[in-house]
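Colleague: turn this into a structure:
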Amino acid sequence: MNAALAALPVLVTLALLALRVRALYASLAALGTAVVLTATVFRTAPRELGDAQLHMLPTVVELAAILFGGILLSELMNRTGAQARLGDRIGSACSSPARAVLLVMLGVTPFAESLTGFGIGVVVAVPLLRSLGLAPARAAAVGLLGLVTVPWGSLAPGSLVAAELGGVGFRQLGVDSALLSAPVFLICGAAALIISFGFRRALAAMGELLLAAGVLWVTVWSVNTFVGVPLAGVLGGLATVVVLLSVSRTVERDREPVGRALAPYAFLVAGLLAGRAALAAAGIEDGWWAVLAGPGGWLPLTGVLAPALLGARGPVLGAAARAALGRWWQVTLTTVVFLTLGTLLTVTGMSRELAEACASLGGAYLVLAPWIGAVGGFLAGSNTGANAMFAASQAGAAQALGYSAGHLVAVQNVSAALASGAAVARVALAAELATTAPGPAGAPAPVAERAAGGGAAVRTAAPARTAAGAPADAGWVLRTVLGVHALVFVTLGIVAAMWR
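Modeller: Okay, here's the model as predicted:
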C-alpha cells in the first residue's frame with residue numbers, strides 16, 4: 001500500500017506531462033501530492049525536511065546560475081554571429097549532412113558534457129545543430145539525445161557516488177557502465193538521424209552511425225579499462241570528432257577563421273579545470289565555494305566576458321542579458337520545484353519504499369531496474385542525485401536476488417544518467433536555446449527535414465536567416481526524448497535479465 005502511495009507523485013508528473021500540461025504546473029501538482037503524502041503517510045520531522053532543503057540550496061543556486069549563464073552565452077553567440085561561423089565550419093568540414101549531425105551529437109556533445117557536466121553539452125550542441133539547418137524542436141531533441149556519456153559527465157562524480165553507495169569498485173563500475181552504453185549510443189544515434197532526416201535517409205546513413213558509435217564506445221570502454229574512469233567520456237567524444245573529421249578528408253580554404261568564435265568555450269573549459277584543481281587542492285567538495293568554482297560561477301562569468309572574447313562591435317551585453325532574463329525565470333522556477341520534489345521523495349523515504357517494493361518482484365525486478373534509475377534521473381535532473389536516491393537500494397535488491405551488485409548498480413548508473421538528459425529543466429533549456437538560435441545563414445539548409453504522410457522524409461529548405469525561427473515545442477521535445485529513452489530502458493532491462 002505504501003509503495004503505491006509513494007509512486008503517486010511520479011505518476012502524477014508523468015500523467016500530466018502526457019496530457020501536455022505545462023511542466024511547471026505538472027511539477028507543482030506532483031509536489032502538492034508529495035506534500036500531502038508527507039503530512040499523512042510518510043511523516044517526517046519538520047527539522048529533517050528543513051535540513052534537507054537547506055542542504056539543497058547551493059545546488060538550487062548553482063543550477064539557476066547555470067541556466068542563466070547558458071541562455072546568456074547562447075544569446076551572445078547568436079548576436080555576434082560566432083555560432084553561425086562554427087556551424088558553417090562543421091557543416092563544410094563534413095562530406096555529408098548525417099556525418100555533421102553525428103559529429104555534434106556523438107562527438108561534440110559527449111566531449112563537452114563529460115568535461116564540464118551540468119548540461120553544458122546541450123548549451124554547445126543545440127545552437128550548432130540549428131546552424132546546420134535542423135528546425136528548433138528537432139535541434140533541441142537531438143541535442144538532448146547527445147547526452148549519452150553522462151555517467152562520465154563532469155569527470156564522473158555521479159559514478160563515484162554510485163560506486164560508494166552501492167559498495168562496488170569504481171573502475172569496475174566504469175567498465176560495466178561502458179559495456180551497457182553500447183545500446184545507448186546506437187539507439188540514441190539512430191533516433192537522432194531519424195529525427196533529423198526521416199527514416200529512409202537515416203537508414204542510408206547507418207554506416208556513419210556505426211562508425212561514430214563504434215569509435216565512441218570502444219574508446220570509452222578502453223579508457224575505463226586501461227586508464228581510469230573520469231576521462232573516459234572526454235577522450236571518447238574527442239576520438240569521435242577526430243575520426244569523423246579525418247574520414248571527411250576535407251581541406252578548408254578561404255574560410256573565415258573560427259578560433260575567436262571558440263574563445264568563450266575555451267575560457268569556460270580552462271576556468272572549470274582551474275576551479276576543479278583549486279577545490280581539490282583545498283579539499284573542498286561541496287558548499288558555496290564549490291558553486292563559485294564550478295559551472296555556476298564560470299558560465300555566467302563567461303557570458304559577461306563573451307563580448308570581449310568574441311570581439312563584438314558595439315554594446316550587446318545589456319540587450320542580450322535582458323532577453324536571457326526574460327526566458328530564464330520560468331525555466332528556473334520549474335527546475336526548483338522538481339528539485340524540491342526529488343529532495344522530498346528522498347528524505348521522506350518514498351523513493352526507498354518504491355525501490356524495495358519493486359525488488360520484492362523477484363527476477364522480474366531486473367527488467368524494471370532501469371526504470372527505477374530513470375525515475376531518479378528524470379526527477380533529480382542529475383546522475384549524482386539519482387544515484388544518491390537509488391544506488392544503495394539497487395545494490396541491496398541485487399544481493400537479495402543473488403545477482404551481481406556491480407551489474408545492477410551499473411544499470412542504475414547508465415539509466416539514471418540517460419534519464420537526467422530528459423529532466424524538465426534540461427528540456428526547457430534546450431527548447432529556449434533552439435528557439436533563440438539562428439538557422440543556417442546564406443543558403444538553404446541541407447539537413448532540415450520533416451515527416452509527411454505515412455512518415456516518409458521530405459526535404460525542406462529552411463530560408464536563409466540570422467534570427468530565430470518559430471518557438472521550439474518543449475512538450476514535443478520532451479515526449480520525443482522520453483520515447484527514445486523508453487526504448488533504451490527496455491533494452492537495458494533485457495540485457496540486465498540476461499547478464500548473469
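Colleague: same for the one helix or strand Leu216 maps to, what does it pack against?
Modeller: Per DSSP states H and E, Leu216 falls inside helix 206-226. Packing contacts for helix 206-226, counted by 3 or more C-beta pairs under 8 Å, 6 or more residues apart in numbering; DSSP states H and E, involve helix 97-103, helix 170-197, helix 232-248. For glycine as for every other residue, the C-beta is placed from the backbone atoms N, C-alpha and C.
Colleague: residues touching it, excluding its own?
Modeller: 96, 98-99, 102-103, 106-107, 110, 148-149, 152, 171, 174-175, 177-179, 181-182, 185-186, 189-190, 193, 231-233, 235-237, 239-240, 243-244, 247 (C-beta atoms under 8 Å, 6 or more residues apart in numbering).
Colleague: that helix to helix 170-197, inter-axis angle?
Modeller: 170 degrees (axes from the mean of the first three to the mean of the last three C-alpha atoms, to 10 degrees).
Colleague: how about the CA coordinates for stretch 47-54, as CSV?
Modeller: In CSV, the C-alpha atoms belonging to stretch 47-54 read as follows (Å, rounded to 0.1, in the frame of the first residue of the first chain):
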residue,chain,number,x,y,z
ARG,A,47,13.6,19.6,11.2
GLU,A,48,14.7,16.9,8.8
LEU,A,49,12.7,18.4,6.0
GLY,A,50,14.1,21.8,6.6
ASP,A,51,17.7,20.5,6.9
ALA,A,52,17.3,18.6,3.6
GLN,A,53,16.0,21.6,1.7
LEU,A,54,18.7,23.8,3.2
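Colleague: this protein: strands as residue ranges?
Modeller: 449-452, 456-459 (DSSP state E).
Colleague: the last one - what's its average pLDDT?
Modeller: Meaning strand 456-459. For strand 456-459, mean pLDDT is 35.
Colleague: can you check stretch 202-214 too?
Modeller: On average, stretch 202-214 scores 96.
Colleague: do stretch 347-357 as well
Modeller: 79.
Colleague: residues contacting that stretch, please?
Modeller: By C-beta under 8 Å, 6+ apart, stretch 347-357 touches 2-3, 6-7, 9-10, 34, 37-38, 42, 44, 48-49, 52, 344-345, 372, 375-376, 389-390, 393-394, 396-397.
Colleague: helices - which of these land there?
Modeller: 2-3, 6, 9-10, 34, 37-38, 48-49, 52, 344-345, 372, 375-376, 389-390, 393-394, 396-397 (DSSP state H).
Colleague: filter those down to just the buried residues.
Modeller: Among the ones in helices among the contacts of stretch 347-357, the ones that count as buried by 16 or more other C-beta atoms under 10 Å are 6, 9-10, 34, 37-38, 49, 52, 344-345, 372, 375-376, 389-390, 393-394, 396-397.
Colleague: go ahead and flag the most central residue of the chain.
Modeller: Gly421 (3.2 Å; C-alpha atoms, centre = their mean).
Colleague: pLDDT weak spots in this protein?
Modeller: 116, 155, 249-258, 331, 335, 441-469 (pLDDT under 70).
Colleague: thinking again about what came up before, just the CA coordinates of the helix holding Leu216, formatted as CSV?
Modeller: C-alpha atoms of helix 206-226 as CSV (Å, rounded to 0.1, in the frame of the first residue of the first chain):
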residue,chain,number,x,y,z
MET,A,206,23.6,3.7,-40.8
GLY,A,207,27.2,3.2,-41.8
GLU,A,208,28.1,6.6,-40.5
LEU,A,209,26.3,5.8,-37.3
LEU,A,210,28.1,2.5,-36.7
LEU,A,211,31.4,4.3,-37.3
ALA,A,212,30.6,7.1,-34.8
ALA,A,213,29.0,5.0,-32.1
GLY,A,214,31.7,2.3,-32.5
VAL,A,215,34.5,4.8,-32.0
LEU,A,216,32.8,6.4,-29.0
TRP,A,217,32.1,3.0,-27.4
VAL,A,218,35.5,1.4,-28.0
THR,A,219,37.2,4.5,-26.7
VAL,A,220,35.0,4.8,-23.6
TRP,A,221,35.4,1.1,-22.7
SER,A,222,39.2,1.2,-23.3
VAL,A,223,39.8,4.2,-21.2
ASN,A,224,37.7,2.8,-18.4
THR,A,225,39.6,-0.5,-18.6
PHE,A,226,43.2,0.7,-19.0
